[in-house]
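Trainee: Next comes the sequence, and after it the predicted model I'd like to discuss.
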Amino acid sequence: MATRHTQPRRQPSRKGSMADIPKDLLQEIKRLEDLFTVDTAKLKAITSHFQDELARGLSKEGGSIPMNPTWCMGFPTGHETGTFLALDMGGTNLRVCEINLPEEKGEFDIIQSKYRMPEELKTGTADELWGYIADCLQQFIEYHHEGEKLDKLPLGFTFSYPATQDYIDHGVLQRWTKGFDIDGVEGKDVVPPFEAALEERGVPIKLTALINDTTGTLIASAYTDSEMRIGCIFGTGCNAAYMEHCGDIPKLEHMKLDPNQEIAINCEWGAFDNEHKILPRTQYDIIIDKDSPRPGQQSFEKMVAGLYLGELFRLVLLDLHEVAHVKIFEGQDVSSLKKPYSLDASFLSDIENDPFENLSETHDRFEKALGIKCTKPELELIRRLAELIGTRSARLSACGVAAICLKKNYKTCHVGADGSVFNKYPHFKARGAQALKEILDWDKGRDGKALGKGHDPVEILPAEDGSGVGAALIAALTLKRVQEGKVMGIRDPEGMLKGTKAADPKSKEVAPESKK
Ligand code: GLC
């Protein structure tokens, strides 16, 4: 494997200068700044509306944010044990893990394999999808357990799309998001066809929990950090989960659950403001929505998530080339720039990471990827545009986090975050922290010291592996509930244990006697 940082990391020390930029281009930069900048007052207004919408999603009438109850009831203690499979159907890869939760508090061992998710699968048929996934699981088991006689392995399946769950082992896909468009899945329970594909192949696996990546992130992070209250994904998509008291969920009132019992809510906040009341949408956001497979859906997500950042950037540049009076890239062949979704968020990351005053890396990147030779003033505009799009994403994302904190009255807490944008996009963390400070009016740290890393009242921190460890933990918590007879929100408690190690009444796998 190639080592990536053989030299000391370069400091992004670029100061930049707009001195030599022609006036019309400067004016254009100013117009883009006005379009993409979200000031403190607007952040606060968005957060306040966000809070109302979180509540509306929990109400009987419902709203545009689904606020899906997940039947993941409460946090782990850190003492969960057992061996579990976890399957993560992300966007680009399919990941299968085997996780062992040992007796030691908060520990885990993991082995994993990744399988490429063929692009055609995302717009193919349901049978192809489930068949492909079952094949990968079969391969994993054959590879890691060759020739062994296995008990059925309990599986946590991270299915990161909005699903209505009457039970934890059930999930009706509300709608595809993140560019997926597979026929015959929306509006149906995804568990039976998935299990049928396993059955057909004789794969010894029992689905224990269908989970969202945000819920997995919340639970995995809480396993090692007791201050964790929210799990977020800032990646291809954007979303969060948190724990709500059953008594504060009017739409579950009819179930007469213990009002003090906690249940994780998968917000599906990507759908925030689908009715376009508050978000500062630009003409470019409107095009992204219109040309997507699901227009009118995921309004918030389309402004902040990784899948769309490169596309936004491309649309602005194309507009400045074709329509705006500034005519950037004049006389050049822009056919590559005309290809939808040809630039991803890493292209923007690279531009923001270019440390050179003359933006030579950006220049080369444009030439290589798009066959466009940029002038110095064009490079300055490009850099500013990347900053504007990246900054807007971080600041708007912070509104969702702030809204949950305000709703739950969390004055201090940790937020576990995962996803390519959070982990790789330059300055995303610092920009998000700055926005939280503005929205929540902090003037000093939680400990009375100056604000900053380790001191901010609410901190967004890199999460533990939610779709691996988180999925395993939720499977463990679910099996433990079955063993204890607490079967609310579990469709098939008996079937869940049948043929697994946890079926044995003497089993220490899930609920060790000493820790009950
Ligand atoms: C999309 C999905 C959601 C997921 C998020 C992050 O918003 O609808 O379920 O959590 O992407 O992957």
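Mentor: Alright, I've got the coordinates. Residues are numbered from 1 along each chain as shown.

Trainee: which bits of this structure sit near the ligand?
Mentor: 160-162, 177-178, 212-214, 233, 235, 237-239, 268, 270, 301 (Cβ under 6 Å from any ligand atom). Quick note: C-beta positions are derived from backbone N, CA and C, even for glycine.

Trainee: redo that, cut-off 8 Å
Mentor: 90-91, 160-163, 177-178, 212-214, 233, 235-239, 241, 266, 268-270, 298, 301, 305, 419 (Cβ under 8 Å from any ligand atom).

Trainee: In helices, which of those residues appear?
Mentor: Judged by DSSP state H, helices contain the following of the residues of the chain next to the ligand: 213-214, 301.

Trainee: Could you look up the SS state of the closest residue to L343 other than its chain neighbours?
Mentor: Leaving aside its sequence neighbours, L343 sits nearest to G310 (Cβ to Cβ, 6 or more residues apart in numbering; 3.7 Å). Classification of G310 by DSSP: H, G, I helix; E, B strand; the rest coil places it in helix.

Trainee: For E352, see how far away the closest residue to N68 other than its chain neighbours is.
Mentor: In space, and not counting its chain neighbours, N68 is closest to N266: 4.5 Å by Cβ to Cβ, 6+ apart. Noted for N266: a distance of 31 Å to E352, by Cβ to Cβ, to the nearest Å.

Trainee: can you check T40 too?
Mentor: T40 is 23 Å from E352, by Cβ to Cβ.

Trainee: Comparing those two, which shows the higher neighbour count?
Mentor: E352 (19 against 13; other Cβ atoms under 10 Å).

Trainee: doesn't the more buried one fall inside a helix?
Mentor: Yes: read with three-state DSSP, E352 is one of the residues of a helix.

Trainee: In contact with it, which residues?
Mentor: 12, 383, 386-387, 390, 425-427 (Cβ atoms under 8 Å, 6 or more residues apart in numbering).

Trainee: Around the residue nearest to it when sequence neighbours are not counted, count how many other residues there are.
Mentor: Sequence neighbours aside, P426 is the residue nearest to E352 in space, at 4.5 Å (criterion: Cβ to Cβ, 6+ apart). By other Cβ under 10 Å, 18 other residues sit near P426.

Trainee: the strands in this protein, which residues?
Mentor: 68-69, 82-89, 93-101, 109-116, 153-159, 163-164, 172-173, 205-211, 228-234, 238-245, 262-266, 413-418, 458-462 (DSSP state E).

Trainee: Which neighbouring elements make contact with the first one?
Mentor: For strand 68-69, the elements it packs on are strand 262-266, judged by 3 or more Cβ pairs under 8 Å, 6 or more residues apart in numbering; DSSP states H and E.

Trainee: Note down every partner strand of the strand it packs on and its orientation.
Mentor: strand 68-69 (antiparallel), strand 238-245 (antiparallel) (DSSP bridges).

Trainee: how far off strand 205-211 does the last one point, in degrees?
Mentor: What that stands for is strand 238-245. 90 degrees (axes from the mean of the first three to the mean of the last three Cα atoms, to 10 degrees).

Trainee: From the rest of the structure, what touches strand 238-245?
Mentor: By Cβ under 8 Å, 6+ apart, strand 238-245 touches 58, 70, 74-75, 160, 212-215, 217-218, 229-233, 259-270, 300-301, 304-305, 397, 400-401, 404, 408, 419, 421.

Trainee: In ChimeraX, how would I select the buried members of these?
Mentor: Burial among the contacts of strand 238-245 is assessed by 16 or more other Cβ atoms under 10 Å; the matching ChimeraX selection reads:
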select :58,70,75,160,212,213,214,215,217,218,229,230,231,232,233,262,263,264,265,266,267,268,269,270,300,301,304,305,397,400,401,404,408,419,421
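
Trainee: Can you read off the pLDDT for the residue nearest to G235 when sequence neighbours are not counted?
Mentor: Residue nearest to G235 in three dimensions, not counting chain neighbours: G419, with 2.6 Å by Cβ to Cβ, 6+ apart. At G419, the model reports a pLDDT of 96.

Trainee: which ones are touching G419?
Mentor: Taking Cβ under 8 Å, 6+ apart, one finds 232-238, 306 in contact with G419.

Trainee: Tell me the buried residues in stretch 322-331?
Mentor: 326, 328-329.

Trainee: distance between it and the chain's centre?
Mentor: 36 Å (Cα atoms, centre = their mean, to the nearest Å).

Trainee: from here on, count from 519
Mentor: With 519 as the first residue, the last one maps to stretch 840-849.

Trainee: Just the endpoints, please. Distance across that stretch?
Mentor: 11 Å (Cα to Cα, to the nearest Å).

Trainee: so M746 makes contact with T735?
Mentor: No: using Cβ atoms under 8 Å, M746 is not in contact with T735; the gap is 9.1 Å.

Trainee: what sits in contact with each of the two?
Mentor: With Cβ under 8 Å, 6+ apart as the test, M746 and T735 both reach G934.

Trainee: Over to the residue nearest to E621 when sequence neighbours are not counted: give its phi and psi.
Mentor: Leaving aside its sequence neighbours, E621 sits nearest to T599 (Cβ to Cβ, 6+ apart; 6.0 Å). Backbone geometry at T599, expressed as degrees, to the nearest 10, gives phi -140, psi 170.

Trainee: Look up how far A951 lies from T599.
Mentor: Distance, T599 to A951, using Cβ to Cβ: 36 Å.
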